[in-house]
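In: 3D model of this:
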Amino acid sequence: MNLTIDTGNTRTKFAVFDGETIVASGILENTEQYAALFGQYPIEAVIASSVGQDIDFQSITPQDTHFYTLDAELTLPIVIDYETPETLGPDRIAACVGASALFPMQNCLVIDAGTCITVDLIDINGIFDGIAILPGLTMKFEALHTFTKKLPLLHLSDVNELDRKGSGSTRKSILSGVYAATLLELYGFYDMYKIDHEDLKAVLTGGDGLLLEQDLKDDSIDTTYVKDLTLIGLNKILEYNENQNK
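Out: Residues are numbered from 1 along each chain as shown. Below you'll find the model as predicted:
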């Protein structure tokens with residue numbers, strides 16, 4: 001079995017894979033929980049990806065377990081077309097590897113909507129192109145409140161107010177400026193890259209991905225939400241390196 005670890009800006013997620021099947025997943029909160037996984041499952045290899053501060057998982061991994069860190073030095077099953085690969089977030093790479101594995105015969109626009117929203121392209125030939133990094137929805141709400149004197153702090157739970165009829169308000173204006181505008185940004189990226197990439201599929205993931213996917217989906221855009229896309233991609237990268245080292 002394989003263990004994949006994805007440390008983002010706010011939390012650390014994990015998944016235990018038996019082949020391509022996830023048999024356990026959740027949030028890793030401490031070293032004791034990590035150690036317990038090795039007693040629960042016959043884990044043979046681990047891969048870790050981190051964009052923030054994290055636990056030094058390698059130092060507390062059993063010595064007979066293969067350990068990989070997703071960084072600029074690790075061999076990948078895709079080609080990275082990026083001017084500064086050493087600064088490229090490993091979560092972006094893993095999400096695109098996951099999309100390429102799940103939809104191998106399609107060009108994919110990968111949208112990871114978390115603390116930040118990243119937009120990347122993985123084409124049908126397995127070539128990665130990094131497109132954009134945007135402030136996430138919560139970050140936008142907090143910025144409007146923090147850097148003004150009177151605007152209220154709104155949350156994603158307030159988004160349903162956009163569907164209500166009636167006159168405008170400051171709350172609705174903030175919601176349009178954050179949520180509706182973000183949808184328009186994503187539509188814009190999709191339309192821009194669809195010109196040169198036939199059958200372009202938008203693959204969404206991340207904490208806000210499902211909400212955005214539901215509102216992006218229409219006759220003009222092919223969308224799919226994959227909850228564990230980054231972890232799936234990490235597992236594919238781990239398997240690729242394990243096979244390379246045999």
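
In: give me the residue ranges of this protein where confidence is low.
Out: Where the chain drops to pLDDT under 70, the residues are 53, 164-167.

In: tell me, what residue is most central in it?
Out: Most central in the chain under C-alpha atoms, centre = their mean is Asp112, positioned 3.8 Å from the mean C-alpha point.

In: in this structure, which helix is the longest?
Out: When the chain is parsed with DSSP state H, its longest helix is helix 229-244.

In: that helix: which residues count as buried?
Out: 229-241 (16 or more other C-beta atoms under 10 Å). Glycine gets a C-beta too; all of them are placed from N, C-alpha and C.

In: please apply the same query to stretch 22-36.
Out: By neighbour count with 16+ other C-beta under 10 Å, stretch 22-36 contains the buried residues Ile22, Leu28, Tyr34.

In: for the helix or strand hosting Phe67, list every residue counted as buried.
Out: If you go by DSSP states H and E, Phe67 is part of strand 66-69. Residues Phe67, Tyr68 are the ones in strand 66-69 that count as buried (16+ other C-beta under 10 Å).

In: check which helices and strands the longest strand along the chain sits against.
Out: Across the chain, the strand with the greatest residue count (assigned by DSSP state E) is strand 127-135. On a contact count with 3 or more C-beta pairs under 8 Å, 6 or more residues apart in numbering; DSSP states H and E, strand 127-135 meets strand 79-81, helix 90-102, strand 116-122, helix 181-194.

In: just name the most buried of the ones you listed.
Out: Highest mean neighbour count among these (mean count of other C-beta atoms under 10 Å): helix 90-102, with a mean of 26.

In: ok, residues contacting it?
Out: Helix 90-102 is contacted by residues 6, 8, 49-51, 70-71, 76-78, 80, 108, 110, 112, 118, 120-122, 126, 128, 130, 201, 203, 205, 226, 229-234, 236-237 when judged by C-beta atoms under 8 Å, 6 or more residues apart in numbering.

In: so how far is that helix off the chain centroid?
Out: The chain centre lies 8 Å from the centre of helix 90-102; the measure is C-alpha atoms, centre = their mean, to the nearest Å.
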